[in-house]
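Peer 1: Provided below are the primary sequence and the corresponding predicted coordinates.
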Amino acid sequence: MASRASTPAVGRRAAWSLEPLVTGATPADRPGEPPPPCARLMHVTTAQALGLTLPPTLLFQADEVIR
């Protein structure tokens, strides 16, 4: 099981963060922001090799399941 930031979300957030700075705003003018959403990955083959069984509810919640 792993989690990673969504690549498109990171690109959008970078553009959103840099645009005011390019137009003359100071970093102090920028509000705080939450971290980007993370994608949940489940690698079934690795789990089976380790002797683990992933419950179906966990697999259903995953954004990507690698078999």
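Peer 2: Yep, that arrived. Values in this document were obtained by computation on a predicted structure and should not be read as measured data.
Peer 1: now do the buried residues in stretch 11-20.
Peer 2: By neighbour count with 16 or more other CB atoms under 10 Å, stretch 11-20 contains the buried residues Arg13. All C-beta spots, glycine's among them, are computed from the backbone N, C-alpha and C.
Peer 1: does Leu59 really touch Thr53, like I thought?
Peer 2: No: counting by CB atoms under 8 Å, Leu59 sits too far from Thr53 to count as a contact (10.4 Å).
Peer 1: and these two? which has more neighbours close in?
Peer 2: Per other CB atoms under 10 Å, whichever of Leu59 and Thr53 has more neighbours is Leu59, with 13 against 9.
Peer 1: now do the contacts for that one.
Peer 2: Going by CB atoms under 8 Å, 6 or more residues apart in numbering, Leu59 touches Met42, Val44, Val65.
Peer 1: could you redo the last one with a cut-off of 7 Å?
Peer 2: Met42, Val65 (CB atoms under 7 Å, 6 or more residues apart in numbering).
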